[in-house]
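1. quick check, what structure comes out for this input:
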Amino acid sequence: MYRSNGNFEAYARPLKPEGVGGKRAYFVGAGLASLAGAAFLVRDAQMPGENITILEELGLPGGSMDGILDEHKGFIIRGGREMEAHFETLWDLFRSIPSLDTADASVLDEMYWLHKKDSSINPCRASEDRGQPVPHMTELTLTPKAVEEMLKLVLTPESELDDKRIDECFGDEFFASNFWLYWATMFAFEPWASAMEMRRYMLRFVHHIATLADLSSLRFTRYNQYESLIKPLVAWLGSRGVRFQYETQVENIEVEKTGGSKVARRLVMTTAGERKTIDLTENDVVFVTNGSITESSTFGDNDHPAPIETGHGGAWTLWKNLAAQDAAFGRPEKFCENIPKANWTISATVTLLDDRIAPYIEKMTGRDPRDGRIVTGGPCNFKDSNWLYGYTMSRQPHFRTQDTSQKLVVWLYGLFSDKPGNFVKKTIRECTGAELCEEWLFHMGVPVEEIPALARRSASTIPCNMPYITSYFMPRARGDRPLVVPDGSKNLAFIGNFAETERDTVFTTEYSVRTAMEAVYTLFGVDRGVPEVFASSFDVRVLLSSLYYLNDRKKLHTVQLPFMTRLLGKVALKTIEGTYVEELLKDAKLV
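-> The predicted structure follows:
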């Protein structure tokens, strides 16, 4: 496997690897990583679809990318994925998956046309004081000290960041900035999270610094991502003969170690209550999605909180059983145990049942929620919320079966679970659906006396408790996540956001698809480059532009930073006059 860039590789169709027709593939889990891996096996490795089996614990595919209409509770979404133009492997995948709605179009075509017609921008990124825009909302409000701390982290090698937390790298000035407010609520970072992952994010998404205040760099699907992405992918795989086996819990994969080689020899599973095993040879390749952020999710309703579950579910149990066999298979306990109490665990789906709440959304956004266009364009957050509460409202209808003349769907989340709310004096975990709605309406500026009735009669709110939703960001060290293909592995790969690949960032659809592509290309010898992670941090134009926006659009000669004094003093600025360097600085608006 090798990485590449450029359209010579991007548009290439690789030759069929030798012997692929005599091999079988098993995917444990039916989330995006497994679905993508199966698609790359069919499209690029040219494996017959009937040789591929996807084993899933639940009764439907999609993993964390869900969106369902529950016959008892109503519409439910546990979350949504923010996507951008430089998700190189994600778009490489979906250029090949036909749309279910548009004839002769791929899923990528459909999203591209939609974005051109209705591009995303967030008009109310952050508010306070019950619906008032935060001061200087378009600025990042970073002090020179905070910018210095950011640069110091970026320049620190990953090898020096084992188990380090974000709040060990930054001071109060950084956490008081709009940058942190926007960054944390966009990506779900908490002060206790991994400094190693924070550094990766800063390098990976440096090109987004200019748009943090309005999120105009994001791309969104037409409907919820289960219906817009997962269903077309599953339909295409099914048409190619890929087999799906649901209600199947894989409990262990027995691995034989001889010298330096590792060979998966047996799948141990329970299917519909019956214990089964599948014996494997080196021609049987296993792809494991290890761990899960939505494992053990529970749901409440308007009158009941989501129950708090204890214990580890099937995905974590499998990873622990694998890790017990070899240190190269990672350390799952680093991610599923000792999660801080001040973490995000609760999200909620609000279905608006009449027209009494929608005007407050329109007042905040300036947009009619029923006109079919993007409403919030990403998260809108309440800066003074004890929970750091926020909401998003995607294009409506968000579900194909949703009648927007009667119902609208909003998604809520709060990053801090250990503090009482500002209106509802409970922690977010303790709240019923109606109470979660009340807290949201309070921050939206709804008259206090109207809040209880609106939350109970004009809305139905389904809380969801996800005990592992922030586990991607747990402070980690090198070796805590297994390599996509561990050293010496002949037929076992790890895929998804708990596998380790260089430079890319977790909690993204791109990471799921990238690890799947790397696993398939490595174990099957696909002779085509995996598109490299977008090299924004190596582009001097992006870096100079980021410097401009990090310092709230100040010219270079006014930036009061010690490193700039050393790097570009007055003499240096005089020297570059009339040169290409001056052109770059002008393009970045620094001079």
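
2. and what about the residue nearest to residue 433 when sequence neighbours are not counted, helix, strand or coil?
-> Distances taken as C-beta to C-beta, 6 or more residues apart in numbering put residue 461 closest to residue 433, at 3.3 Å, once the chain neighbours are dropped. (C-beta placed from N, C-alpha, C; glycine too.) At residue 461 the chain is in strand, as set by DSSP: H, G, I helix; E, B strand; the rest coil.

3. didn't residue 461 look like it was pressed against residue 353?
-> No - taking contacts as C-beta atoms under 8 Å, residue 461 lies outside contact range of residue 353: 10.6 Å.

4. tell me how many other residues crowd the residue nearest to residue 433.
-> Residue 461 has 28 neighbours, counted by other C-beta atoms under 10 Å.

5. for it, give the beta-bridge partners.
-> residue 350 (DSSP bridges).

6. give the contact list for it.
-> Counting by C-beta atoms under 8 Å, 6 or more residues apart in numbering, residue 461 touches 302, 348-351, 412, 432-434, 436-437, 455.

7. compare the residues you listed and tell me which is most surrounded.
-> The most crowded member of the contacts of residue 461, judged by other C-beta under 10 Å, is residue 436 (33 neighbours).

8. how about the nearest residue to that residue once chain neighbours are set aside, secondary structure?
-> In this structure, residue 436 finds its nearest non-sequential neighbour in residue 348, 4.7 Å apart by C-beta to C-beta, 6+ apart. Following three-state DSSP, residue 348 is assigned to strand.

9. please save the CA atoms from stretch 21-30 in CSV.
-> This file holds the C-alpha atoms of stretch 21-30, laid out as CSV (Å, rounded to 0.1, in the frame of the first residue of the first chain):
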residue,chain,number,x,y,z
GLY,A,21,-11.2,-14.9,-6.7
GLY,A,22,-10.1,-17.7,-4.4
LYS,A,23,-10.3,-15.6,-1.2
ARG,A,24,-13.1,-14.7,1.2
ALA,A,25,-13.5,-11.6,3.3
TYR,A,26,-15.4,-11.2,6.6
PHE,A,27,-16.2,-7.8,8.1
VAL,A,28,-17.0,-7.5,11.7
GLY,A,29,-19.5,-4.7,12.1
ALA,A,30,-21.7,-3.0,9.4
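
10. check for me that residue 391 belongs to a helix.
-> No - Residue 391 is assigned strand when assessed by three-state DSSP, not a helix.

11. now the closest residue to it other than its chain neighbours: how far from residue 351?
-> Leaving aside its sequence neighbours, residue 391 sits nearest to residue 412 (C-beta to C-beta, 6+ apart; 5.0 Å). As judged by C-beta to C-beta, to the nearest Å, residue 412 and residue 351 stand 12 Å apart.

12. then residue 513?
-> Taken as C-beta to C-beta, the span from residue 513 to residue 351 is 31 Å.

13. chain center to the lengthiest helix in the chain: distance?
-> Ranked by number of residues, the top helix in the chain under DSSP state H is helix 509-524. On the basis of C-alpha atoms, centre = their mean, to the nearest Å, helix 509-524 sits 16 Å off its chain's mean C-alpha point.

14. mind listing what's buried in stretch 32-50?
-> For stretch 32-50, burial by neighbour count (16 or more other C-beta atoms under 10 Å) applies to 32-47, 49.

15. tell me how far that stretch is from the chain's mean position?
-> 22 Å.

16. where do the helices sit along the stretch 301-450 of the chain?
-> Under the criterion DSSP state H, counting those that start in this stretch, the stretch 301-450 of the chain contains helices at 314-323, 333-336, 358-365, 433-443.

17. and the first one, how far from the chain's centre?
-> In this view, helix 314-323 has its centroid 22 Å away from the chain centroid, taken as C-alpha atoms, centre = their mean.

18. what's the average pLDDT for it?
-> For helix 314-323, mean pLDDT is 97.

19. same for it, what does it pack against?
-> strand 248-258, strand 284-289 (3 or more C-beta pairs under 8 Å, 6 or more residues apart in numbering; DSSP states H and E).

20. pull the residues that contact the first one.
-> It stands for strand 248-258. 28, 55-57, 262-272, 286, 288, 314, 317-318, 321-322, 325-326, 488, 492.

21. can you tell me which of these are buried?
-> Buried residues within the contacts of strand 248-258, counting neighbours by 16+ other C-beta under 10 Å: 28, 55-57, 262-265, 267-269, 286, 288, 314, 317-318, 321-322, 326, 492.

22. closest to residue 388 out of the helices of the stretch 301-450 of the chain?
-> Closest of the helices of the stretch 301-450 of the chain to residue 388 is helix 433-443, at 10.8 Å (criterion: C-beta to C-beta).

23. next secondary structure after the closest one?
-> Using DSSP states H and E, the next helix or strand after helix 433-443 towards the C-terminus is helix 451-457.

24. what angle separates the longest helix of the chain from strand 284-289?
-> Angle, helix 509-524 to strand 284-289, by axes from the mean of the first three to the mean of the last three C-alpha atoms, to 10 degrees: 160 degrees.

25. any buried residues in stretch 583-591, and which?
-> 584-585, 588, 590-591.

26. is it possible to export those to a markdown table including distance to residue 231?
-> Shown next, in a markdown table, are these (distance: C-beta to C-beta, whole Å):
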| residue | distance to residue 231 |
| --- | --- |
| 584 | 45 |
| 585 | 48 |
| 588 | 42 |
| 590 | 47 |
| 591 | 51 |
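
27. quick one: the strands in the stretch 51-200 of the chain, in order.
-> Taking DSSP state E, counting those that start in this stretch, the strands of the stretch 51-200 of the chain run over residues 52-55, 68-70, 74-76, 83-84, 126-128, 132-133.

28. now residue 33: phi and psi?
-> phi -60, psi -50 (degrees, to the nearest 10).

29. isn't it up against residue 517?
-> No - using C-beta under 8 Å, residue 33 is not in contact with residue 517, being 9.7 Å away.

30. quick one on the thing from earlier: now, of the helices of the stretch 301-450 of the chain, which is deepest in the fold?
-> The highest mean neighbour count among the helices of the stretch 301-450 of the chain, using mean count of other C-beta atoms under 10 Å, belongs to helix 433-443: a mean of 26.

31. now stretch 285-300: average pLDDT?
-> 96.

32. now do the contacts for residue 580.
-> Residue 580 neighbours (C-beta under 8 Å, 6+ apart): none.

33. ok, which stretches of the stretch 451-591 of the chain are strands?
-> Under DSSP E, counting those that start in this stretch, the stretch 451-591 of the chain gives strands at 459-465, 492-495, 530-531.

34. turn those strands into JSON lines, including mean pLDDT and distance to residue 377.
-> What follows is those, written out as JSON lines (pLDDT from 0 to 100; distance: least, C-beta to C-beta, whole Å):
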{"stretch": "strand 459-465", "mean pLDDT": "98", "distance to residue 377": "22"}
{"stretch": "strand 492-495", "mean pLDDT": "98", "distance to residue 377": "31"}
{"stretch": "strand 530-531", "mean pLDDT": "98", "distance to residue 377": "27"}
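
35. now residue 66: how far from residue 7?
-> 34 Å.

36. so if I had to pick from those two, which one is more boxed in?
-> Just comparing residue 66 and residue 7: by other C-beta under 10 Å the higher neighbour count belongs to residue 66, 21 against 7.
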